[in-house]
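**Student:** no sequence on hand, only this structure:
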């Protein structure tokens, strides 16, 4: 597994554990995270606030179905489930495009589709 893919795995594992420090350690200081139609975050401080979105409860279950890499871009496709504060569960699939710099995430573009 390449260094970039290992970083993406570490990032996902950080979300599974709710480990802010682990997640943020995978990112450059000037990180940008975009989810079209939902948010556009710049910098680790803004992303740290989104890690535990108050609309959700508990730690997510994240399953990576496929990860591919070309040059400094890693694409991770998978599924996520997490409890909703108002009840029920978010059940979604995603495709994340990680643009890497020196083994760290400098830009993340997330496309997510809710199944339920």
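**Tutor:** That came through fine. The model shown is predicted, which means the values in this text are computed figures rather than measured ones.

**Student:** what mean pLDDT does the longest strand along the chain have?
**Tutor:** Looking across the chain with DSSP state E, the single longest strand is strand 56-70. In this model, strand 56-70 has a mean pLDDT of 96.

**Student:** for the longest helix along the chain, packing partners?
**Tutor:** Criterion DSSP state H: the longest helix present in the chain is helix 3-17. Where contact means 3 or more C-beta pairs under 8 Å, 6 or more residues apart in numbering; DSSP states H and E, helix 3-17 is packed against helix 20-25, strand 56-70, strand 73-84, strand 89-101, strand 104-114. No exception for glycine: its C-beta is placed from N, CA and C like everyone else's.

**Student:** quick one: the second one to chain centroid distance?
**Tutor:** The one in question is strand 56-70. The chain centroid and the centroid of strand 56-70 are separated by 7 Å under C-alpha atoms, centre = their mean, to the nearest Å.

**Student:** strand partners (parallel or antiparallel) of it?
**Tutor:** Counting by DSSP bridges, the strands paired with strand 56-70 are strand 73-84 (antiparallel).

**Student:** contacts for the longest strand of the chain?
**Tutor:** 2, 4-5, 8-9, 12, 15-18, 74-85, 90 (C-beta atoms under 8 Å, 6 or more residues apart in numbering).

**Student:** now, of those, which are buried?
**Tutor:** By neighbour count, with 16 or more other C-beta atoms under 10 Å, the contacts of strand 56-70 hold 4-5, 8-9, 12, 15, 74, 76, 78, 80, 82, 90 as buried.

**Student:** one step back: next, the angle strand 56-70 makes with the longest helix of the chain.
**Tutor:** Taking axes from the mean of the first three to the mean of the last three C-alpha atoms, to 10 degrees, one finds helix 3-17 and strand 56-70 inclined to each other by 170 degrees.

**Student:** count of residues packed around residue 63?
**Tutor:** Burial measure for residue 63: 12 neighbouring residues, criterion other C-beta atoms under 10 Å.

**Student:** residue 7 and residue 25, how far apart?
**Tutor:** According to C-beta to C-beta, to the nearest Å, residue 7 and residue 25 sit 9 Å apart.

**Student:** just to revisit the earlier point, farthest-apart pair in the buried ones among the contacts of strand 56-70, please.
**Tutor:** Checked with C-beta to C-beta, those reach their widest spread between 4 and 90, with 27.4 Å between them.
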